[in-house]
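# With the input below, show me the fold.
(chains A and B)
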Amino acid sequence: DQQVKQNSPSLSVQEGRISILNCDYTNSMFDYFLWYKKYPAEGPTFLISISSIKDKNEDGRFTVFLNKSAKHLSLHIVPSQPGDSAVYFCAARNAGNMLTFGGGTRLMVKP
Amino acid sequence: DAGVIQSPRHEVTEMGQEVTLRCKPISGHDYLFWYRQTMMRGLELLIYFNNNVPIDDSGMPEDRFSAKMPNASFSTLKIQPSEPRDSAVYFCATGGGTIYGYTFGSGTRLTVV
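So this is what the prediction gives:
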């Protein structure tokens, strides 16, 4: 049973436009949500997070939105840049600090 | 701190051979995780340790997989015998309970032919 799902395996966006990556979860006990970014031949690195008590967190070009009633979060990248091309994983944390990851979405930003 | 260090970076082996993947975690992080990344399943948690003690190995696919953490600075993931379907990228990650979650190593790309 996948508790965290990223239903889009890939996304292609033109440089300068908005990228929206989506993530759904099933466990209402998750208290923190994180996005990781992964380049080829590297491990995932932390990008941005949001607490379950908030609905939005912004960091530069990156904004994460959380809709608890829908059990849905999204990552917005504006404007998208070619260097943003990577695989993005969403993750959800339970009370024991354990992370459950989604399957990842490959973002391609075309110049 | 050099971060989480994994070795080797690439491993190509023949089916049936034993494979050992190594991880040197970040000093002071209490948790160590082994993940496997595949196209079909994304990031799968195989096993994790807390203070060198295995806590949950329910993600280990078969008895062919085993993991050890003999001390706070070293962990191994062993596959014996290896099979072509084990081909994947294996990540080691450590966590210390911060909001930033885990710190991952660069991974070991395993190819079993």
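# And residue A:46, how far from residue A:34?
Applying Cβ to Cβ, to the nearest Å, the value for residue A:46 to residue A:34 is 6 Å. (Each C-beta comes from the backbone N, C-alpha and C, glycine too.)
# More neighbours: the two, which one.
residue A:34 (23 against 17; other Cβ atoms under 10 Å in any protein chain shown).
# Following element in sequence after whichever strand or helix holds the more buried one, please.
Using DSSP states H and E, residue A:34 sits within strand A:32-38. Later in the chain than strand A:32-38, the nearest helix or strand by DSSP H and E is strand A:45-51.
# what lines up beside that next one in the sheet?
Here strand A:45-51 has these sheet partners by DSSP bridges: strand A:32-38 (antiparallel).
# Over the partner strand, what's the mean pLDDT, rounded is fine.
Across strand A:32-38, the average pLDDT comes to 95.
# Can you check which residues contact both of residue A:46 and residue A:34?
In terms of Cβ atoms under 8 Å, 6 or more residues apart in numbering or on different chains, residue A:46 and residue A:34 are both contacted by the residues B:100, B:101.
# in which helix or strand would I find residue 58?
Just going to use chain A. Going by DSSP H and E, residue A:58 is part of strand A:56-59.
# oops, I was thinking of chain B
Residue B:58 belongs to no helix or strand when elements are defined using DSSP H and E.
# Break down chain A into its strands, ranges please.
All strands of chain A, identified by DSSP state E, fall at A:4-5, A:10-14, A:19-25, A:32-38, A:45-51, A:56-59, A:62-67, A:72-77, A:86-93, A:99-101, A:105-110.
# nope, chain B is what I meant
With DSSP E as the criterion, chain B has strands at B:5-7, B:10-13, B:19-24, B:31-38, B:42-50, B:53-56, B:65-71, B:74-79, B:88-95, B:102-104, B:108-112.
# so what strands line up beside the third one?
Here strand B:19-24 is paired, per DSSP bridges, with strand B:5-7 (antiparallel), strand B:74-79 (antiparallel).
# Any buried residues in that strand, and which?
B:19, B:21, B:22, B:23, B:24 (16 or more other Cβ atoms under 10 Å in any protein chain shown).
# just to revisit the earlier point, dump the strands of chain B into JSON lines; add distance to residue A:102 and mean pLDDT as well.
Below are those laid out as JSON lines (distance: least, Cβ to Cβ, whole Å; pLDDT from 0 to 100):
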{"stretch": "strand B:5-7", "distance to residue A:102": "22", "mean pLDDT": "97"}
{"stretch": "strand B:10-13", "distance to residue A:102": "26", "mean pLDDT": "97"}
{"stretch": "strand B:19-24", "distance to residue A:102": "23", "mean pLDDT": "98"}
{"stretch": "strand B:31-38", "distance to residue A:102": "12", "mean pLDDT": "93"}
{"stretch": "strand B:42-50", "distance to residue A:102": "6", "mean pLDDT": "91"}
{"stretch": "strand B:53-56", "distance to residue A:102": "19", "mean pLDDT": "93"}
{"stretch": "strand B:65-71", "distance to residue A:102": "23", "mean pLDDT": "96"}
{"stretch": "strand B:74-79", "distance to residue A:102": "23", "mean pLDDT": "97"}
{"stretch": "strand B:88-95", "distance to residue A:102": "15", "mean pLDDT": "94"}
{"stretch": "strand B:102-104", "distance to residue A:102": "15", "mean pLDDT": "91"}
{"stretch": "strand B:108-112", "distance to residue A:102": "21", "mean pLDDT": "97"}
